[in-house]
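Enquirer: the sequence and its predicted three-dimensional model are supplied below.
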Amino acid sequence: MGLEALLKGDGFITTTLDAVIAWARKNSVWPMPMGISCCAIEMMSVGDSKYDISRFGSEVMRMTPRQDDVMIVAGTVTYKMSHVVRKVYDQMADPKWVIAMGVCTSTGGMYRSYPVVQGIDQFLPVDLYVAGCPPRPDNLLNGLMQIQEKIGKTRARDFKNKKQETATVVK
Amino acid sequence: MFEEYKDKVISTIREGMPDVEFEFSEFRGELTVAFDKAKLVEVAKFLRDDDFLRFNYMVDVTAVDWATRTDRFEVVYNVFSMKLKFRLRFKVAVDESDLQVETVSGVWKAADWYERETYDMYGIKFANHPDLRRFYMPEEFEHYPLRKDFPVMGIPGSLTMPKK
């Protein structure tokens, strides 16, 4: 539709490979559904026909981290679980992003007590926080659109000088 | 069912175990009995096997930390008789100097995990338990979170987190 109109004139367009890759990347963000508690229910309804995450090219929620681009951490992360979340994150292929969904994940939320990690940014690089307890599906979609914007702006040079992250070994 | 069987249950327990000192109390239609922890397994077996009582369903095991009392802890058992449709709570006092209670997992198999949970949260050891490990907290955790002297936000550094 839009693209054909552009091609109609001379039959070609000029752009950079970087931009094409970023464009393709941002429209096929495959999420890792790290559904730990109640936020996962809202994450599931994002996948249904009413909210329909496939409008954004993200309907393929893969249960294996090897195929994912963005990890949606949906739910209360305890200290015991934090090792598992990090292990899954470490197994995802670069480039990768993290959405902290809901207040428990972002700050510990109402669980201000000893077993709950007070914000997953203590052990994960978080790209986006989605507010709410739990966030409405629309809010998660809004978050996804914002992370698409962020992904669309990435260029090869962003990864060039990136320090090699040392994966933590969880025994 | 409560009013109907209450007196019969009390008299059956008293007559069935005459050498144990029982202290019955009633609150809002719930019957509670306290006794010495040395007689725990003996009484538990009686409650389960007596033809009239038949407390065959182990509902829950937990504990209470009274903090300032002489006997600091109290281990609480909730049982239910499917035959009488009757609930009974029995408890034994445990002091800090001897944090040990005999396990009742040999009497009710269901008590196994409840006792592990109680051990995890209060540090009360259940002697002769088949597998007394931590239940919720990580194996290397050294504290008991539901004790009154444990801070709500935990002890810094006691729980591990992956490096960023």
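Expert: Structure received. Given the structure is predicted, the values throughout are model-derived calculations rather than measurements. Numbers count the residues shown, from 1 in each chain, chains lettered A, B, ... in the order given.

Enquirer: for chain A, what lies in contact range of chain B?
Expert: Within chain A, the residues that sit near chain B (Cβ under 8 Å from any Cβ of the partner chain) are A:79-80, A:82-83, A:86-87, A:112-115, A:117, A:122-125, A:168, A:170. C-beta coordinates here come from the backbone N, C-alpha and C atoms, glycine included.

Enquirer: all helices for chain B, in order.
Expert: Ranges of helices in chain B, per DSSP state H, are B:2-16, B:40-49, B:111-122.

Enquirer: give the other helices and strands that the host helix or strand of residue A:106 contacts.
Expert: Per DSSP states H and E, residue A:106 falls inside helix A:102-107. When contacts are defined as 3 or more Cβ pairs under 8 Å, 6 or more residues apart in numbering or on different chains; DSSP states H and E, helix A:102-107 sits against helix A:39-47, strand A:70-74, strand A:128-130.

Enquirer: C-alpha coordinates for it, CSV please?
Expert: The C-alpha trace of helix A:102-107 is given here as CSV (Å, rounded to 0.1, in the frame of the first residue of the first chain):
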residue,chain,number,x,y,z
GLY,A,102,3.6,-3.4,36.6
VAL,A,103,4.7,-1.8,39.9
CYS,A,104,5.9,-5.0,41.6
THR,A,105,8.5,-5.5,38.9
SER,A,106,9.4,-1.8,38.7
THR,A,107,9.8,-1.0,42.4
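
Enquirer: give the PyMOL command for selecting the buried subset of the residues of chain A next to chain B.
Expert: Selection of the buried residues among the residues of chain A next to chain B in PyMOL, burial being defined by 16 or more other Cβ atoms under 10 Å in any protein chain shown:
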select buried, chain A and resi 79+82+83+86+114+115+117+123+124
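
Enquirer: tell me who's in contact with residue A:148.
Expert: Neighbouring residues of residue A:148 by Cβ atoms under 8 Å, 6 or more residues apart in numbering or on different chains: A:26, A:27, A:29, A:56.

Enquirer: one more: residue A:32?
Expert: Contact partners of residue A:32, counting by Cβ under 8 Å, 6+ apart, are A:61, A:62, A:65, A:68, A:70, A:71, A:72, A:88, A:92.

Enquirer: wait, residue A:39 sits on residue A:139?
Expert: No: applying Cβ atoms under 8 Å as the test, residue A:39 and residue A:139 come out as separate, 10.8 Å apart.

Enquirer: return the distance of residue B:142 relative to chain A.
Expert: Going from residue B:142 to chain A by Cβ to the nearest Cβ, to the nearest Å gives 13 Å.

Enquirer: any idea of the pLDDT on the closest residue to that residue other than its chain neighbours?
Expert: Among residues not flanking residue B:142 along the chain, residue B:158 sits closest, at 6.6 Å (Cβ to Cβ, 6 or more residues apart in numbering or on different chains). Note on residue B:158: pLDDT of 86.

Enquirer: cool, and the one 3 residues further on?
Expert: Note for residue B:161: predicted pLDDT of 87.

Enquirer: measure it to chain A for me?
Expert: From residue B:161 across to chain A, the span is 5 Å (Cβ to the nearest Cβ).

Enquirer: can you tell me which of the residues of chain A next to chain B are in helices?
Expert: Counting by DSSP H, the residues of chain A next to chain B place A:79, A:80, A:82, A:83, A:86, A:87 in helices.

Enquirer: for the closest residue in space to the first one that isn't next to it in sequence, give me its contacts.
Expert: Distances taken as Cβ to Cβ, 6+ apart put residue B:159 closest to residue A:79, at 3.9 Å, once the chain neighbours are dropped. Taking Cβ under 8 Å, 6+ apart as the definition of contact, the neighbours of residue B:159 are A:79, A:80, A:114, A:115, B:137, B:138, B:141.

Enquirer: just the closest of these to residue B:77, please.
Expert: residue B:137 (22.5 Å; Cβ to Cβ).

Enquirer: wait, the closest one sits on residue A:115?
Expert: Yes: applying Cβ under 8 Å, one finds residue B:137 in contact with residue A:115, separated by 7.5 Å.

Enquirer: give me the common contacts of the two.
Expert: The overlap between the contact sets of residue B:137 and residue A:115 (Cβ under 8 Å, 6+ apart) consists of A:80, B:145, B:159.

Enquirer: SS state for residue A:58?
Expert: coil (DSSP: H, G, I helix; E, B strand; the rest coil).

Enquirer: tell me which element the residue nearest to it when sequence neighbours are not counted is part of?
Expert: If the residues on either side of it in the chain are set aside, residue A:58 comes closest to residue A:29, at 4.9 Å by Cβ to Cβ, 6+ apart. Remark: residue A:29 resides in no helix or strand, with elements defined by DSSP H and E.

Enquirer: from residue A:120, how far out is residue A:29?
Expert: Per Cβ to Cβ, to the nearest Å, residue A:29 is found 19 Å from residue A:120.
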